[in-house]
Structures are given as structure tokens and as C-alpha cells.
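# Everything below, folded, please.
(chains A and B)
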Amino acid sequence: MPVLDHVEVYEVFARHRREEPLRHVGTVTAPNAEMARLYARVIYDEDMWDAMVVVPRSAMLPVEPRYGGSSRRSSGE
Amino acid sequence: MSEPQPDVEVPMPAELPALVHSLAENKKLLGRRYSEWAVGGPTLEAAIALSAMAQDELGHARVLYGLLEELRGLPATGDTDWTIEGWGLSVARRPFETWAHLIGAVVFLDAALTTLVEAATTSAFLPLRRRTRKMVEEERYHALYGLHWLERLARIASIRSVLAEWAGRVFTNTMAWFGPPGDLAPLRATGVLNADADGLRERYLQRVRPALEALGLRPTAFVVPWDRWDPAWRRLRLDDE
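Numbering: from 1, shown residues only, chains lettered A, B, ... in the order given. Purely as a prediction, here's the structure:
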């Protein structure tokens, strides 16, 4: 089903208390931001989070090319 | 939609137990159907979300069985005390054959049940109102999930035709489920629901119209066969009945 192949990896960040920094809790693979939020909600809702956000991996910009890391791989993982 | 009524209990209307029983049974059946696909979704994320939705539906059914205890005045020790499969709509009685059938049920059947639940969130009958508000919140995600997957699947011609045929069957059954014209009027008149059968049907139609359009279906193409309406079970008769 080729239509189902159009997905992107989203990084999921969350924190327990407002004064804490957001920390990485995992990833979800989804076709759009709306579904990424839904999937993150059901997969990572084991804690009483103060905040949880999703960020497309493709939106994470390496500071310089040699620090590209996994952010270069934006989809299909 | 009207504002919530003050915390006064109106007398329990005679029509309410059957309606709640039908809602509970169909939610339970839907939860079972979801759970059968919870290990078969096209992606792990889709399967996990569906598992959560199955849990929601079964949880809602259990809460509604508790309400039935109050409505019927009979103590129940578990949902088996209340289980009479006769309430189940024909389209929810068997496992869904494909992922497309599952998604069609999320979009068209789940939405019908939610339309009724929403109409109870302002209920003058406090035990009903108290139990329905959290359900509506959880159902928001079911609707999002269903429409998203339906729109994706509808782009594939071969799946779209399967979905369209199935959606028509589910839609006809759910349009009937609200009851014949004029049904539920006493519940609306007493503020137990904020709409009667015709009002619920109209709200449901507005809710699923984008999905129907995505499948190239026109609501007017479907006529409810009221000669098959079974008032005792609040559904269309099954083929073998």
C-alpha cells in the first residue's frame, strides 16, 4: 500500500514539572503532526506529564554537518 | 446545544433503560471488535492506539452497565448479568474482515454511539450526565483516528470500493439505531437528552458527512428500511430474524 508509506519520524519530549527541562522520551512514526500527537499521547501516557510535545525529526537542524547524526534520517525508520 | 441543567434529578424516564442497554452492548461489541485488530494494525503506532480505543469502549460499556443497575433497580455482579446479545447491531456482531472494515466501523459506528453520548452530557438525569462527560473527551481521539485512516485508505481505489460498500451498510444501520422519526421525544422533552431521534440523526449526519464525501457517497442514496425496525432491540432486524 504505497499511500501508507508516507510517514515521518517525530521525536517526543516531555517533563513532569514545569520547572524541569523537556526531556526526550521516545519517537513515533506518523503521516502528519496530528496523528503524531495522537500516537504520542497513547504510547507515552504512562506518567502524569506537565507537558509533552512532538517535533518532526526533519525539523531538528544539525549545528554543523558533522553533527548531523540521526536527524538526517527523517522518514521511513 | 443547551447549557448543562442544574443538579436536579428528574424521574427516570421509561424509555431510558433500553437505550442505555443498547448503548452499553454496542460499545462492548465495538470494544471486542477493536481488540481483535489491536495486534493487526498496519503500524505499531496504529495498533497501540487501537488498543487504547478498545479499552475506552469496554470501559464505557462497564460504566453504562453500572448505570443500568440504578435504572433497572437490580444489583449486577458483572457485565454478564446484563449481556443479551440481541442488542448488538448486525454490523458489529462478527469480526471485521479487513483493516478497512475496522476503520469504517470507527468512523461510522463509533461516531453514532458518540452522538448519543454527547446528547446526554447536558442531561437533567444526573446519573447519566455524570457518566457521559469523560466518554466524550476520550471519543475525540477515536474520531480523529478514524477519519485520518479513512482518508488515507480512500486514496487507494481498490480499498476505497470496499470501504464504500461497508460504509453504506454501517451507515444505514446506525441511522436506524437512533430510532424512527419522533422516537426519543419523551427523553428530549424531559431534558434527559438534548435531542430526539431526528435531531440525533441530523447531528450524526453532519459528523460523518466528510467521511461519506471522501468515499464518494451521498447520504440521500441510503434509505432506512423501517419495515425491518425492531423496537424491542432498538435496531434493524437481522437477516435470519
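# Please count neighbours and contacts with C-alpha atoms only from this point.
Noted.
# Might you enumerate the residues of chain B proximal to chain A?
Residues of chain B lying close to chain A (Cα under 8 Å from any Cα of the partner chain) are B:45-46, B:48-49, B:52, B:141, B:145, B:148, B:152-153, B:155-156.
# Adding pLDDT, write those out as a markdown table.
Output for the residues of chain B next to chain A, formatted as a markdown table (pLDDT from 0 to 100):
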| residue | pLDDT |
| --- | --- |
| B:45 | 94 |
| B:46 | 95 |
| B:48 | 94 |
| B:49 | 96 |
| B:52 | 95 |
| B:141 | 94 |
| B:145 | 96 |
| B:148 | 94 |
| B:152 | 93 |
| B:153 | 94 |
| B:155 | 93 |
| B:156 | 93 |
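# how about CSV for those, with secondary structure and neighbour count added?
Below are the residues of chain B next to chain A laid out as CSV (DSSP: H, G, I helix; E, B strand; the rest coil; neighbours: other Cα atoms under 10 Å in any protein chain shown):
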residue, secondary structure, neighbour count
B:45, helix, 20
B:46, helix, 22
B:48, helix, 18
B:49, helix, 22
B:52, helix, 19
B:141, helix, 17
B:145, helix, 22
B:148, helix, 18
B:152, helix, 15
B:153, helix, 22
B:155, coil, 14
B:156, coil, 14
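# Take these and lay them out in a markdown table including distance to residue B:224.
Listed next are the residues of chain B next to chain A as a markdown table, based on distance: Cα to Cα, whole Å:
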| residue | distance to residue B:224 |
| --- | --- |
| B:45 | 37 |
| B:46 | 33 |
| B:48 | 35 |
| B:49 | 33 |
| B:52 | 32 |
| B:141 | 29 |
| B:145 | 27 |
| B:148 | 27 |
| B:152 | 28 |
| B:153 | 26 |
| B:155 | 28 |
| B:156 | 29 |
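# for those, which one is nearest residue A:33?
Relative to residue A:33, the closest of these is residue B:148; by Cα to Cα it sits at 11.4 Å.
# mind checking the SS state of residue B:179?
coil (DSSP: H, G, I helix; E, B strand; the rest coil).
# Just give the number of residues close to residue B:228.
Residue B:228 has 14 neighbours, counted by other Cα atoms under 10 Å in any protein chain shown.
# ok, it - contacts?
Shown in contact with residue B:228 (Cα atoms under 8 Å, 6 or more residues apart in numbering or on different chains): B:236-237.
# confidence score at it?
Confidence at residue B:228, expressed as pLDDT, is 96.
# can you check the one 4 residues further on too?
Among the per-residue scores, residue B:232 holds a pLDDT of 93.
# and if you look at residue B:15?
For residue B:15, the predicted pLDDT is 87.
# Would you mind confirming that it makes contact with residue B:183?
No. Contact criterion Cα atoms under 8 Å: residue B:15 and residue B:183 do not qualify, at 9.7 Å.
# got any ranges where chain B has weak pLDDT?
Along chain B, segments meeting pLDDT under 70 span B:1-10, B:74-85.
# now the residue nearest in space to the middle of it, what's its secondary structure?
Centroid-nearest residue in chain B, with Cα atoms, centre = their mean: residue B:113, separated by 2.0 Å. Assigned with three-state DSSP, residue B:113 falls in the helix class.
# Any idea how many residues pack against the closest residue to it other than its chain neighbours?
With sequence-adjacent residues excluded and distances taken as Cα to Cα, 6 or more residues apart in numbering or on different chains, residue B:113 is closest to residue B:23, at 6.7 Å. By other Cα under 10 Å, 25 other residues sit near residue B:23.
# for residue A:36, same thing?
Under the neighbour criterion other Cα under 10 Å, residue A:36 is assigned a count of 25.
# Could you report the separation of the residue nearest to the centre of chain B from residue A:35?
23 Å (Cα to Cα, to the nearest Å).
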